[in-house]
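*Asks:* whatever this is, show me its structure:
(one chain, ligands or ions: 1)
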Amino acid sequence: MLRPAHVTAMTLGLALALGPGGLTPASRALGDETEPVVEPPEQFQPRIMEGYPDWYIERLAARERKIIDDLGARRNALGVRAGLILLNTEEWKPGSVITVAFNGGTPRLHALIERIASVWSQYGNIRFDFGRDASGHYRTWSPTDIDYKADIRVGFLPGGFWSAIGRDSINPDLNQPGNETLNLEGYDRSLPYQFARHIRHEFGHALGLEHEHQSPNFACDFRWDDDPGYVRTTDKSGQFVIDGQGRRPGIYTWFGGPPNNWSKTKIDFQLRQLTTLNPDIPVADYSVGQFDKLSIMKYYFDDCMYVSGKNSPCYSPGEIYELSAEDEKRIAMYYPVGGAVAMTRQVQKKAAIESVLTQIPQSSLLAKELQARKDQLQ
Ligand SMILES: [Zn+2]
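*Replies:* Below you'll find the model as predicted:
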């Protein structure tokens, strides 16, 4: 009951990821490269969910604390909330070329990631540059780097699947040149069946998109708690499952157990509505579209994770592998095509920052960070 429909996901994932032509001619030219191996479905059990490692959640929280503490008694000043939301709007400048570098993996794997991630550029005025040279090798980064080798630094390290949101990847308070900012654990050894979805989802974060199931515009009816009387029951892999009386574990129990072993803090951080996590920021301050249950930025949850099961407005049947119509619209809104539209968006954002700067102490960290953000818009 708590498992995804692997067969459907597998077939769809492979079809979308590899396409009719298989790998690109450029990667074929490398000849003796090892093909990325795709794991058979039984090896992909139990399900590992995407989420930030604890160290990254701590960094994000520490940065926000630093900014709030620095405001002292002025933290309630008019404009602080608007300033925080502007700071957390992490998209890149429309029309930008965002550089990407890899640590580990083969050029063949890099080519696969490049091709799947680049789908975003079909809809938004933004492009990834993976730095492929004439010999078919891609841009690399290393943990010993002291300068940013690229805006997005892809790793295949332990820590699961995750990505920094937009420009956070080049914010030195959050990400140094020597740490990964988009992680695809183990892809350099074998590809999980959901790889096409992971790659599109993570590069969506890298473009500034947040989780759809955390949309400020809609509260999903998650079953946070166990059914009354639930007796903790696990399958062979240690994952919590329905007990002998048909009672179900809730989200806290399920995510808290193997293989994810998430703390309550982490579960809340990855699943709660953004408005619950940041109660001081009114919904109207977020610039998001209508809630979209088909978004690539939404986690897939089995129906039993929702109070109203398959009737939940947040339920989608099966994993999502492609961008939804709303995803396409949203990325086009963030990164408009056409200089005049893009300029309007920048002018509006600059004006909003300037307005906030008149309402908060000029010496505050928040003011300095907003000023830096405004300078980037020039
Ligand atoms: Zn995510």
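*Asks:* how about the helices in the stretch 1-150 of the chain?
*Replies:* Shown for the stretch 1-150 of the chain, the helices assigned by DSSP state H, counting those that start in this stretch span residues 6-18, 25-28, 41-44, 54-71, 80-87, 107-117.
*Asks:* cool, and the stretch 201-350 of the chain?
*Replies:* Using DSSP H, counting those that start in this stretch, helices in the stretch 201-350 of the chain cover 251-256, 264-271, 274-277, 325-334, 339-357.
*Asks:* lowest average pLDDT across those?
*Replies:* Within those, confidence is poorest for helix 274-277, with a mean of 69 (mean pLDDT).
*Asks:* for the stretch 101-250 of the chain, just list every one of the strands.
*Replies:* 127-129, 152-155, 161-163, 182-184, 233-234, 240-241 (DSSP state E, counting those that start in this stretch).
*Asks:* deepest of the ones you listed, which one?
*Replies:* Across the strands of the stretch 101-250 of the chain, averaging neighbours per residue (mean count of other Cβ atoms under 10 Å) puts strand 152-155 on top, at a mean of 28. All C-beta spots, glycine's among them, are computed from the backbone N, C-alpha and C.
*Asks:* picking up where we left off before, export the helices of the stretch 201-350 of the chain to CSV and append columns for distance to residue 147.
*Replies:* Listed next are the helices of the stretch 201-350 of the chain as CSV, based on distance: least, Cβ to Cβ, whole Å:
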stretch, distance to residue 147
helix 251-256, 37
helix 264-271, 30
helix 274-277, 33
helix 325-334, 27
helix 339-357, 27
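*Asks:* any chance of a markdown table for those, columns mean neighbour count and distance to residue 151?
*Replies:* Converted to a markdown table, the helices of the stretch 201-350 of the chain look like this (neighbours: other Cβ atoms under 10 Å; distance: least, Cβ to Cβ, whole Å):
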| stretch | mean neighbour count | distance to residue 151 |
| --- | --- | --- |
| helix 251-256 | 19 | 31 |
| helix 264-271 | 17 | 24 |
| helix 274-277 | 15 | 24 |
| helix 325-334 | 19 | 16 |
| helix 339-357 | 15 | 18 |
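*Asks:* show me the one of those that comes nearest residue 208.
*Replies:* For the helices of the stretch 201-350 of the chain, the distance to residue 208 is smallest for helix 325-334, at 6.2 Å, taking Cβ to Cβ.
*Asks:* which outside residues touch the closest one?
*Replies:* For helix 325-334, contacts defined as Cβ atoms under 8 Å, 6 or more residues apart in numbering pick out 91, 94, 120, 123-126, 204, 207-209, 288-290, 292, 294-297, 323.
*Asks:* repeat for stretch 213-224
*Replies:* 248, 250-252, 270-275, 277, 283, 286, 288-291, 298-299, 301, 304-308, 312-314.
*Asks:* can we see that at 7 Å?
*Replies:* Here stretch 213-224 makes contact (Cβ atoms under 7 Å, 6 or more residues apart in numbering) with 250-252, 271-275, 283, 286, 288, 290-291, 298-299, 305-308, 312, 314.
*Asks:* ok, and for that stretch, which residues are buried?
*Replies:* Under the neighbour-count criterion of 16 or more other Cβ atoms under 10 Å, stretch 213-224 has 213, 214, 215, 216, 218, 219, 220, 221, 222, 223, 224 buried.
*Asks:* quick one: which two of these are the most distant?
*Replies:* 216 and 223 (21.1 Å).
*Asks:* that older thread, buried only: go through the contacts of helix 325-334 for me.
*Replies:* When these are checked for burial by 16+ other Cβ under 10 Å, the buried set is 91, 94, 120, 123-126, 204, 207-209, 288, 292, 295-297, 323.
*Asks:* residue 314 reaches residue 293, doesn't it?
*Replies:* Yes: between residue 314 and residue 293 there is a contact under Cβ atoms under 7 Å: 5.5 Å.
*Asks:* the two: which has the busier surroundings?
*Replies:* residue 314 (20 against 17; other Cβ atoms under 10 Å).
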